[in-house]
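Engineer: A predicted structure for the sequence below; I have some questions about it.
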Amino acid sequence: MQSLAEFDARYFERGDVRFLAGIDEAGRGALAGPVLAAAVVVERGALFEGLNDSKKLTPIQRATLDPAIRMGARAVGVGWASAQEVDERNVLQATLLAAKRALEALEIEPDLILTDFLRLEGITRPVEPLVKGDGRSQAIAAASVVAKVARDRWMQALDAEYPLYGFASHKGYGTPGHLEALSRFGSSTVHRHSFRGVDWFENDYRTSATLCRLLEALERGDLDLPKEADCAAAWRREGGGLPECEFQILRKAAEKRRRGGRE
């Protein structure tokens, strides 16, 4: 059976490829949280022992491989598309956006890009989509691990922001426990409201713990946001990475307070 590294080796033998990039995504089918894409660039001779498609690895194996990939790769880039962008664009277009951002985050430009059958558009370098590429190419498999680990860690962080949903355990996917939480509490600002099943129950989206804390401080008068720039600065400091719609909620609350509570 041909190994993942052996599969990639044939590209280096062509003579026009020095830097080979693999791209894969994580979170495409989740009901909440972002889609995340990773781009991993390798050179001839790169070898990541124990690497496989991330779905076939345990969380411990992925966590061990992630730093090894980041150290051994020529470059690594990560790109995100938020749940709001998924709703606005659809999940495929959001995935393509995340992949483009991952490529833009690379420190070098690859000579060839392999994807797990993701047809990238508007890319200046050659792109080759591969059927089941994460089980064939080392570069794509490495990207699948980086993407999965980065997204899992972000969803674990969101668990503290949205404690009703159990994001740390299911990472936003439609497990029975997650669906039960949606039926009991409704959805949140970090859910994908365009996905079937998310908004069957309630349209009053639950906000993050950070936004709740800021709104309470604003109400008490402990948070002084006299200017629009102050509101933006507070959000960058406290709410970086949380949904953009939550910043708009804080901004409107601060504006209302500046007007003395008048609507």
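Structural biologist: Here it is on my side, so go on. Numbers count the residues shown, from 1 in each chain.
Engineer: and what about the spatially most central residue of the chain, helix, strand or coil?
Structural biologist: By Cα atoms, centre = their mean, the chain has its centre lying nearest to Leu36, at 2.8 Å. Secondary structure of Leu36, reduced to three states by DSSP: H, G, I helix; E, B strand; the rest coil: strand.
Engineer: mind listing what it touches?
Structural biologist: Taking Cβ atoms under 8 Å, 6 or more residues apart in numbering, we find Leu36 in contact with 25-27, 78-81, 98, 147, 150-151, 154. C-beta coordinates here come from the backbone N, C-alpha and C atoms, glycine included.
Engineer: now, which of the residues you listed lie within helices?
Structural biologist: The members of these that map onto helices under DSSP state H are 98, 147, 150-151, 154.
Engineer: is the residue nearest to the centre of the chain in a bridge, and if so with what?
Structural biologist: Applying DSSP bridges to Leu36 gives these bridge partners: Ala26, Trp80.
Engineer: nearest spatial neighbour of Arg257, chain-adjacent residues omitted?
Structural biologist: Leu218 (6.2 Å; Cβ to Cβ, 6 or more residues apart in numbering).
Engineer: could you pull out the helices in the protein for me?
Structural biologist: Listed in chain order, the helices of the chain (DSSP H) span 4-12, 59-72, 83-89, 91-104, 138-161, 167-170, 176-185, 209-220, 228-238, 244-258.
Engineer: in a markdown table: those helices, plus mean pLDDT and distance to Pro126.
Structural biologist: What follows is these, written out as a markdown table (pLDDT from 0 to 100; distance: least, Cβ to Cβ, whole Å):
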| stretch | mean pLDDT | distance to Pro126 |
| --- | --- | --- |
| helix 4-12 | 96 | 10 |
| helix 59-72 | 97 | 23 |
| helix 83-89 | 95 | 25 |
| helix 91-104 | 97 | 13 |
| helix 138-161 | 97 | 14 |
| helix 167-170 | 98 | 37 |
| helix 176-185 | 94 | 40 |
| helix 209-220 | 95 | 43 |
| helix 228-238 | 91 | 38 |
| helix 244-258 | 92 | 34 |
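Engineer: dump the ones you listed into CSV; add mean neighbour count and distance to Arg44 as well.
Structural biologist: Shown next, in CSV, are the helices of the chain (neighbours: other Cβ atoms under 10 Å; distance: least, Cβ to Cβ, whole Å):
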stretch, mean neighbour count, distance to Arg44
helix 4-12, 17, 4
helix 59-72, 16, 13
helix 83-89, 19, 36
helix 91-104, 21, 21
helix 138-161, 24, 12
helix 167-170, 18, 40
helix 176-185, 15, 44
helix 209-220, 16, 46
helix 228-238, 14, 42
helix 244-258, 16, 42
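Engineer: what about those helices, which gets the closest to Asn52?
Structural biologist: helix 138-161 (6.2 Å; Cβ to Cβ).
Engineer: next, the angle helix 209-220 makes with that closest one.
Structural biologist: Helix 138-161 and helix 209-220 are oriented at 30 degrees to each other (axes from the mean of the first three to the mean of the last three Cα atoms, to 10 degrees).
Engineer: in the sheet, who's paired with Ala32?
Structural biologist: With DSSP bridges applied, Ala32 shows beta-bridge pairing to His191.
Engineer: can you tell me how far it is from Gly172?
Structural biologist: As judged by Cβ to Cβ, to the nearest Å, Ala32 and Gly172 stand 4 Å apart.
Engineer: any shared contact partners between these two?
Structural biologist: Between them, Ala32 and Gly172 have 155, 158, 178 as joint contacts when contacts are counted by Cβ under 8 Å, 6+ apart.
Engineer: report how many residues lie close to the residue lying closest to the first one once chain neighbours are set aside.
Structural biologist: This means Met155. Excluding the flanking residues, the one nearest Met155 by Cβ to Cβ, 6+ apart is Lys171, at 4.3 Å. Other residues near Lys171 number 23, with proximity taken as other Cβ atoms under 10 Å.
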